[in-house]
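1. have a look; sequence and predicted model below, questions after that.
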Amino acid sequence: MQALIRMEKIRKVYENGFLANDEIDFSLSSGEIHAIAGENGAGKSTLMKVLYGLERPNSGKIFLRDEPLVLRSPADALRHGIGMVHQHFMLVDELTVTENLFLGMELNHYGWLDKAKMLEQAKALGTKYHMELDYAAKCKNLSVSQKQKVEILKVLLRAAEIIIFDEPTAVLTAIESAELFEQLRLLRDDHHTIVIITHKLQEIKDLCDRVTVLRQGKNLGTFKVSEISKEEISRLMVGFDIPAQSATQGTQGETVLGISHLTCLSKGGKKALSDVSLSVHAGEIVCLAGVEGNGQDTTVDCLVGWRSDYQGTIALKGTSLQGKTIRAIRSLGIGHIPADRMTLGANVNSSIFDNLIALDVLDTPKRRLGFIERRKLIKSANTRVDTYRIATDGIHKGLKLLSGGNIQKVVVARELDRQPSLLIANQPTRGIDVGAIEFIYDEMRRLRASGGAIILISSDWNEIFTLANRILVFHDGKIVAHIEDLSKIDERVLGRYMLGLETMTAEGGVPSEK
Amino acid sequence: MKNKLFRSIHDYFHTSRGQLVVMDAFRTLIALLLALVVAFIIIAVTSETPFETIKIFLTAPFSDAYTRGMIITQAVPLIFTGVGVCIMVKGGQFNMIGEGAFFAGAFIGAILAVRLQVPGLLAPLGAMLAAGIMMGIVGYVPAKLKAALNVNEFVSSLMLNFIIFWVCMYLFSNVFADPDAGSLATAYIDDSRRLPFLDADNEISTSILFALGTAVLGWIFLYRTKWGYAARMTGENPVFARYTGINTKKSIILVQIIGAAIAGLGGAAFLLGNSYRFIWKALPGYGFDGFIVAIIAFNNPLLVPIAALLIGYLRVGAVEMARLSDVPNEVVYIIQAVIILFIGGQAFLAGMKRRRLQALTTKAKEEGGPHV
Amino acid sequence: MFSFIFSEQFLTSMILFATPILFASFAALISKKAGTLNINVEGSMSLAALTGGLISYATQSWVLGLLSAVIVGVLMSLIFAWFALKLKTDSILSGIALNTLASGLAVYILYVVIGVKGDSSLHPSAMIPDIRIPLLADIPVIGPALFSQNLLVYLVFLSAIVLTLVLNHTRFGMHVRSVGYNPIAASSVGIPVIRTKIYALIICGVFAGLGGAYLSMVYLSYFSVGMVSGRGFIGIAAEAMGQGVPLYTMLFSLFFGAVDYFAVGAQTVLGFPYELLNTLPYIMTLIALVIYAVYDKYNLAAHPHVRWWLPKKRKASL
């Protein structure tokens, strides 16, 4: 059967050197619902952005019914019948549903809008595809799932035959997702072809015909959903390989951090964290595992003082942190390597020096009357450059001149060198070149050996098994599993925890402590 | 000896930082030249004798000691407001309060210098200090509004400028006008209560020393104190600043208070340095000019005096040109505006800068060695 | 004081004083809708006023004067557009720069053409005519205020209506709004973002030009340096308060016009000191800004006491 879409050897490298798609071949058949699965950073979004004309590949070809396509923009893609419903909606909130639908192709008489006719056509379209909406309402008043419907209709109005969905259920409740699936089945029956980017295995099983699994930029294969199990898909996605030896056991010392019954709400009112309790001891690395966005980052936000509107207690060596300023919390000895190192963790507009000594400056003793201890700071910065082998020929140069890996090293150096009692490392090696990765691991192990406590958040299982002493699996704002003996781990069970399919019972190790 | 100097300059220009500095300087130079070209075109169109006029414009400021002195005097207010703007802009705030603060500072300075019951030099010094403090307090208003309510500091400070102006004018006309003076003016300030002249014939006052001192202090604040550090980080990346524990709200307020205080102090210093009475009836524009000076100086207080002297030179050139030819001096404002527009244009010659930056980055990576 | 405020004269004068602010606020409105607020309205009005005054004197034709003022306003907008959109100069910086440029240029041109630096009173402009609508103008109190006004006054009120219609009922208006609210979304459906912004800025320039012409050809009969005296900025503040709705913007501008006139009138009628009254418009603007910010921050829109006078939201059904 002729493939509707064929992508051959697509290669895409981003400007910062990150290889998103590594010679990927992909084919899509007509009239199917096809899932593209993979962990975050696997390359799924990039591949589809290439198909939709949002990104140009460095090399590779695309064929539509064996005709080669060159797509320079989404407009090109739409012209060939390829449409995309983005994860972050491209809607103008202040305009109504109808206006958004017809944006760029408004019905008008010499410039005067024919609002009645557009409304009529919008309603007709909605009826055809069974989407009930208030077409005269402003988009900002719509719920998330309604906005998504508008995006879908937008694409349908422009006669898209192939529709790509980017993580469509990420923002929907279970009921809304079920509704969406009905829509998609109807669309398929109506001769549309659907591609869904997702990492939710149950959905793939429930909805899709075939699934392609990507990992670290490579295509691991395309399978019929009926012929593959969820666990096998999961295995391919995360690629666990339990290393022959488990992580060096750390010695558990005193409790450094205690979190009790932490609960807080997300912006939409949902519970981002529900009754989370955990503790971290000196000399160990605890990993907050799980699919990104299940509460790990929120826990860190509360911990470092970025937000203080939570219930429950967070105590560092007995001192409660709630209500304290970020600076006060920092000075209690918490280091934080954030996931977003470029914007949050570093100031690329400034010099390497300014970045390295950011925490030390604020510690300037009062007797100095505000003057920084410049010589001391310079010495400190130079030492850090040497210790962490940051490749630069001068600390006063701009940070942006360094390579990505070196910028990460600066962040790591700043946070680690102060020997924090508690270090939070959030995706510490994501996007870093191989050479720097081992280095960072060594530093973390060293910190642990000298009695530091470390919280690790990571989606890279190799990393987790290399470093962690204990693993706490998060799902939907709760801790569902607590794994203390890494050698006895069963990958399939781990996968189930991450997907929320199973919760560890009391015998397995209760998540709530203290 | 000389060779060593050349060598080190040569080496500096081969460092990546040195090269970027050269790029920025080059861009500034081009912007200046463009501005001059625009001015020349305007002069050519309106003057009977364009070449003569242009010659006067460019050379008159150096023609004699008095005009040279004028350059320095013209630079004094610009240095004060320029440093104030540097600090505020580095802190991420576009606050226009310098205009009103300078005006009010001069007014306060003129009044207090006469009335302060202190001996000799303490009078002008005290007046300057008081002006600075009072304007600092006034500067708290837009600052607090921005920090607490996110009210745009540009508009609020602009409104405040007009309010300050009219309040001063009211006090000027109705309370502090000197009845013995021929036209509207404050009381005569005796030489003993003014800042002394360095060179009385050419009217160069000690105020220039205060101005230079302010520039140095401004630089020290930004680069050698922890509050200056906090201000810079807040201005460059407020999220990062917060993440490292900096209190960004306090920073935002602090830089605006300082900017207003410096402008106030500068106004008093300028007036007490070169005048015997306060006679202004309109906002002099030095506050707005502070922005031009700051831009040319790359927001570095130490470079502000150079930029101020440059603008001062252009101003004197324009005044002389107006005096000796048929072209009015407003042409200098046109030049100033063009300079800001081009230097401020990020995309102006940005392509060139960006390519150089990329070349330098790749070079750094290559030379990074095994640890990159 | 009350009889002063509610007199016929007050209403008429209020409109007279508010007109330049109205023009400025509409200029700000259209540019803000497109996402690039033009702070240079003040400077544009100044140059437009100068041009209108001089050309109308030279040609003794108010039509040509008006036209030239508008052209100047548009030119200034286009220059702003070039720097803000093409060279990407920070818009506040370009605003400051262009204002300096405009004021310098105004004095310069005035001197070069006439030889004076203060004002062109010796060369009075050809004034834009008043128009009196027969029957309606005889209605007591509001009659003269509303129906016996200058051509430009009618124009500015008409503009409020036209702006509302264009923004809400034309394709162009929709493009402008989408480019202002979410340029990424707009360009994703093929709307040319920069071109649309330029068109909006041209309209902004027209308003600025009209506002300037009003100053030197209706309000006064000549151009005077500094005659704009902050009205451009007050117009921007009025626009901020009007939240992008032309009608509300108009109301706030009228309010500021009233305050402006009150400052002048109260002087002679009530004897308040001239300088302090002059601070009134600016103080009011400041207070209004604060109220607006407080409203925004504490999301008073949700507060029951405030809610009732807000435009009704259409809740999506389903």
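-> Great, that's in hand.
2. give me the mean pLDDT for stretch A:487-503.
-> Average pLDDT, stretch A:487-503: 72.
3. gap between the two ends of that stretch?
-> Start-to-end span of stretch A:487-503 (Cα to Cα, to the nearest Å) is 20 Å.
4. for it, list every residue counted as buried.
-> Neighbour-count burial for stretch A:487-503 flags A:493-500, A:502 (criterion: 16 or more other Cβ atoms under 10 Å in any protein chain shown). (Each C-beta comes from the backbone N, C-alpha and C, glycine too.)
5. one more: stretch B:283-291?
-> For stretch B:283-291, burial by neighbour count (16+ other Cβ under 10 Å) applies to B:283, B:285-291.
6. likewise for stretch C:222-235?
-> Of all the residues in stretch C:222-235, those buried under the rule 16+ other Cβ under 10 Å are C:222-225, C:227-235.
7. now the terminal residues of that stretch, how far apart.
-> 22 Å.
8. let me see the mean pLDDT of that stretch.
-> For stretch C:222-235, the per-residue pLDDT averages 84.
9. try stretch B:169-187
-> Per-residue pLDDT over stretch B:169-187 has a mean of 85.
10. centre of the chain to that stretch, how far?
-> Distance of stretch B:169-187 from its chain centroid, counting by Cα atoms, centre = their mean, to the nearest Å, is 29 Å.
11. before we move on, what about stretch A:361-373?
-> Relative to its parent chain, stretch A:361-373 has a centroid offset of 39 Å by Cα atoms, centre = their mean.
12. what's it in contact with?
-> Residues outside stretch A:361-373 that contact it (Cβ atoms under 8 Å, 6 or more residues apart in numbering or on different chains): A:327, A:330-331, A:377, B:224-227, B:229-230, B:244-246.
13. and those residues as a markdown table, adding distance to C:V290 and pLDDT?
-> Converted to a markdown table, these look like this (distance: Cβ to Cβ, whole Å; pLDDT from 0 to 100):
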| residue | distance to C:V290 | pLDDT |
| --- | --- | --- |
| A:R327 | 29 | 91 |
| A:R330 | 34 | 91 |
| A:S331 | 35 | 89 |
| A:L377 | 41 | 92 |
| B:R224 | 36 | 93 |
| B:T225 | 32 | 93 |
| B:K226 | 32 | 92 |
| B:W227 | 27 | 94 |
| B:Y229 | 31 | 95 |
| B:A230 | 26 | 95 |
| B:T244 | 31 | 92 |
| B:G245 | 30 | 91 |
| B:I246 | 26 | 93 |
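14. and of those, the nearest to A:L113?
-> B:I246 (49.6 Å; Cβ to Cβ).
15. who's in contact with the residue most central in space within chain C?
-> Relative to the mean C-alpha position of chain C, the nearest C-alpha, by Cα atoms, centre = their mean, is the one of C:A24, at 1.4 Å. Contacts of C:A24 were listed using Cβ under 8 Å, 6+ apart, and they are C:41-42, C:45, C:207-208, C:211, C:231-232, C:234-236, C:238, C:253.
16. these also near chain B: which ones?
-> Contacts with chain B within the contacts of C:A24, counted by Cβ under 8 Å from any Cβ of the partner chain: C:I236.
17. on that earlier part again, so what's the residue nearest to the centre of chain C closest to, chain neighbours aside?
-> Closest residue in space to C:A24, ignoring its immediate chain neighbours: C:G235 at 2.5 Å, by Cβ to Cβ, 6 or more residues apart in numbering or on different chains.
18. so which strand or helix has that neighbour?
-> Here C:G235 sits within helix C:231-241, counting by DSSP states H and E.
19. do the same with C:S178
-> helix C:171-181.
20. again, but for C:L47
-> Counting by DSSP H and E, C:L47 is part of helix C:41-59.
21. middle-most residue in chain B, spatially?
-> For chain B, B:G82 is the residue whose C-alpha lies nearest the centre (Cα atoms, centre = their mean; 1.8 Å).
22. in contact with that residue, which residues?
-> Residues near B:G82 by Cβ under 8 Å, 6+ apart: B:289-290, B:293-294, B:297, B:301, B:304, B:307-308.
23. out of the residues you listed, which is nearest to C:V70?
-> Ranked by distance to C:V70 (Cβ to Cβ), these are led by B:D289 at 30.7 Å.
24. next, the contact list for that closest one, please.
-> B:D289 makes contact with B:77-78, B:81-82, B:311, B:336 under the criterion Cβ under 8 Å, 6+ apart.
25. which of those residues has the most neighbours?
-> Counting neighbours by other Cβ atoms under 10 Å in any protein chain shown, the top entry in the contacts of B:D289 is B:G82, with 37 neighbours.
26. that one and B:N300: what is the separation?
-> Distance of B:G82 to B:N300, computed by Cβ to Cβ, to the nearest Å: 10 Å.
27. same deal with A:I352?
-> 19 Å.
28. for the stretch 51-200 of chain C, which residue gets nearest to chain B?
-> Scanning the stretch 51-200 of chain C for the residue nearest chain B gives C:G104, at 2.7 Å (criterion: Cβ to the nearest Cβ).
29. which residue packs closest to that residue, ignoring adjacent ones?
-> Nearest non-adjacent residue to C:G104, counting by Cβ to Cβ, 6+ apart: B:Y333, 2.7 Å away.
30. that neighbour sits in which helix or strand?
-> Per DSSP H and E, the secondary structure element for B:Y333 is helix B:331-344.
31. so for that helix, mean pLDDT?
-> Mean pLDDT, helix B:331-344: 79.
32. looking at chain C, which helix is longest?
-> In terms of residue count, the longest helix belonging to chain C (DSSP state H) is helix C:8-33.
33. what angle do it and helix C:231-241 make?
-> Relative orientation of helix C:8-33 and helix C:231-241, computed by axes from the mean of the first three to the mean of the last three Cα atoms, to 10 degrees: 70 degrees.
34. sorry, back to before: among the buried residues of stretch B:283-291, name the ones in helices.
-> Judged by DSSP H, those include B:286-291 as members of helices.
35. lowest pLDDT pick from the residues you listed?
-> The lowest pLDDT within those belongs to B:F288, with 82.
36. mind checking how far that residue is from chain A?
-> Going from B:F288 to chain A by Cβ to the nearest Cβ, to the nearest Å gives 26 Å.
37. which residues touch that residue?
-> B:F288 makes contact with B:96, B:98-99, C:96, C:99-100 under the criterion Cβ under 8 Å, 6+ apart.
38. out of the residues you listed, who's the most crowded?
-> Among those, the one with the most neighbours (other Cβ under 10 Å) is B:G98, at 35 neighbours.
39. and C:L87, how many neighbours?
-> Close neighbours of C:L87, defined as other Cβ under 10 Å, add up to 17.
40. bridged to A:C287, which residues?
-> The partner list for A:C287 in beta bridges (DSSP bridges) reads A:L456, A:I471.
41. how close does it get to A:I489?
-> In this view, A:C287 and A:I489 are 12 Å apart by Cβ to Cβ.
42. flag every residue of the stretch 1-150 of chain A that's near chain C.
-> So the stretch 1-150 of chain A meets chain C at A:74-75, A:90-95, A:99, A:103-106, A:108, A:111-113, A:115, A:132-134, A:136-138, A:141-143, A:146 (Cβ under 8 Å from any Cβ).
43. so which of those are in strands?
-> Taking DSSP state E as the definition of strands, the residues of the stretch 1-150 of chain A next to chain C contribute A:108, A:112-113.
44. next one: phi and psi at the residue of chain A at minimum distance from chain C?
-> Chain A approaches chain C most closely through A:G104 (3.3 Å), counting by Cβ to the nearest Cβ. In terms of degrees, to the nearest 10, the main-chain angles of A:G104 are phi 90, psi -10.
45. same check, this time on A:G258
-> Here is the backbone geometry of A:G258 (degrees, to the nearest 10): phi -130, psi 120.
46. go on, the one 4 residues further on?
-> Note on A:L262: backbone dihedrals following degrees, to the nearest 10 are phi -80, psi 120.
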